[in-house]
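Undergrad: Starting from these lines, generate the structure:
(chains A and B)
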Amino acid sequence: MEETIIYCPDIECDSCVKLISKKLEKTQEVKQYEITSETIKVQSDLDKKNLIKIINDLGFRASTQPFERKTFKERIKHFKENKKAYRMEIHAIKYFFSVLGILLLLQALAYLGLNNHIDMSPYISWMIYSSIAIAVIATAMWHFFIYKIRVTCMVGMMIGMTIGMQTGMMIGAILGATNGFFIGALVGMLVSVAVGVITGQCCGVMGVMEGMMAGVMGGTMGPMISVMMMSDHIEWFMPPYMLINIIITALMIYMVYEESVEGKEVQTRTPDFFYFISLCVLASAAITAIMVFAPKNFLLG
Amino acid sequence: MVEIKAKGMHCKSCEMLIIDALEDAGIAATADFKKNIVTIDDPAKKDQAEKIIREEGY
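TA: Residues are numbered from 1 along each chain as shown, chains lettered A, B, ... in the order given. Predicted structure coming up:
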């Protein structure tokens, strides 16, 4: 009989401990065990491979080596050497640029079409920003939903919060700049709360709450920023602002991969570009229509 | 098939704990922690299933 230490970073509550305990108690070869927040010490006649499989089958990551997060340098090296492991992430990058290209093209057509009737010149940069925002948010959501993954409560809450918040910060800021605070906050808040709920529900009511709270914060903060900046070089503020929001969203995609996909046997759904682009086009059309036709505050309208 | 309301589930582990306990008693079941629902295949075993779920702490 030998003692094995199994590292298991996904143990996060009493139910996880109970679930693993029950499984180990049912396994005859296991004589003794001790579960802590990140490790399981097992005395058994089973070899390490089988012990790890028992834990993996319950949906937890498990290894005899501690789970160390890769540095960015290590990640890039790993990416170059194991492109197959990042199949969905490569897909996500391709989808992002494809959808961005299509949205920009459609926005250009909308601009040319509407410009004969309405002066569209004040909207050019905001239409570009809205295409970028929609492509970024949609890609993050697509990347999360393409995996059939079990997320811990902590990761689920981070996902709901980040996507909800970033949606509000970007869409809210754009509509705040074109329509003023009321429309920016109202639409930004409603859209980002919806996005926060959709993504946060992966971990139940905790994620939903987190998504909603982040949606309210992001949806009202975004337009607040752009309205306050309106008379103070907003055109110089927006590029770095959008860039930072994009980086945060990209890091969330990175986190989903690192925390919930890497080292697990994860099933994926079949990517459907038509469905993805359809939703993006609808969102883009709705945002553009709000920008151009919705009421504006007295300073803008 | 019959649905049983089960409050207190908050993650996948809770779902699996309940399913496991019911399977040990010979009751095939699925659980959804987001909807707080446990579904069992055999309506005749509803009372027994409810007792097991309660014993598990839900």
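Undergrad: Within its local environment, how many residues does the residue of chain B found nearest chain A see?
TA: Proximity of chain B to chain A (Cβ to the nearest Cβ) peaks at residue B:13, 3.8 Å away. Any C-beta I mention is one placed from the backbone N, CA and C, and that applies to glycine too. Using other Cβ atoms under 10 Å in any protein chain shown, residue B:13 has 27 neighbouring residues.
Undergrad: For it, which non-adjacent residue is spatially closest?
TA: residue A:15 (3.8 Å; Cβ to Cβ, 6 or more residues apart in numbering or on different chains).
Undergrad: Please spell out which residue in chain B sits farthest from the middle.
TA: Centroid-distance maximum for chain B: residue B:44 at 14.3 Å, with Cα atoms, centre = their mean.
Undergrad: State whether residue A:42 is indeed within a strand.
TA: Yes. Residue A:42 sits within a strand when classified using DSSP: H, G, I helix; E, B strand; the rest coil.
Undergrad: Isn't residue A:224 up against residue A:180?
TA: No. With contact defined as Cβ atoms under 8 Å, residue A:224 and residue A:180 do not form a contacting pair (11.2 Å).
Undergrad: higher neighbour count, the two?
TA: Comparing residue A:224 with residue A:180 by other Cβ under 10 Å, the one with more neighbours is residue A:180, at 22 against 17.
Undergrad: Report the secondary structure element holding residue A:155.
TA: Following DSSP states H and E, one finds residue A:155 within helix A:153-167.
Undergrad: can you tell me if that helix touches chain B.
TA: Yes. On the criterion Cβ under 8 Å from any Cβ of the partner chain, helix A:153-167 is in touch with chain B at residue A:153.
Undergrad: roughly how far out does that helix sit from the chain middle?
TA: Relative to the centre of its chain, helix A:153-167 is centred 7 Å away, using Cα atoms, centre = their mean, to the nearest Å.
Undergrad: how about the residue of chain B closest to chain A, what does it touch?
TA: Neighbouring residues of residue B:13 by Cβ atoms under 8 Å, 6 or more residues apart in numbering or on different chains: A:13, A:15-16, A:18-19, A:58.
Undergrad: what's the answer for residue A:155, then?
TA: A:203, A:255-256, A:259-260.
Undergrad: Against chain B, how distant is residue A:226?
TA: 35 Å (Cβ to the nearest Cβ, to the nearest Å).
Undergrad: What about that residue, how many residues nearby?
TA: Residue A:226, neighbours per other Cβ under 10 Å, totals 24.
Undergrad: and the helix or strand harbouring it, what does it pack onto?
TA: Element membership for residue A:226 (DSSP H and E) is helix A:205-229. Under the contact criterion of 3 or more Cβ pairs under 8 Å, 6 or more residues apart in numbering or on different chains; DSSP states H and E, helix A:205-229 touches helix A:153-167, helix A:173-179, helix A:181-200, helix A:234-256.
Undergrad: Give me the distance between the third one and the centre of its chain.
TA: Taking Cα atoms, centre = their mean, the mean C-alpha location of helix A:181-200 is offset from the chain mean by 15 Å.
Undergrad: and that helix with helix A:205-229, angle?
TA: 150 degrees (axes from the mean of the first three to the mean of the last three Cα atoms, to 10 degrees).
Undergrad: give me the number of residues near whichever residue of the stretch 51-200 of chain A sits closest to chain B?
TA: As assessed by Cβ to the nearest Cβ, chain B sits closest to residue A:150 within the stretch 51-200 of chain A, at 4.9 Å. Close neighbours of residue A:150, defined as other Cβ under 10 Å, add up to 21.
Undergrad: how close does it sit to residue A:267?
TA: 11 Å (Cβ to Cβ, to the nearest Å).
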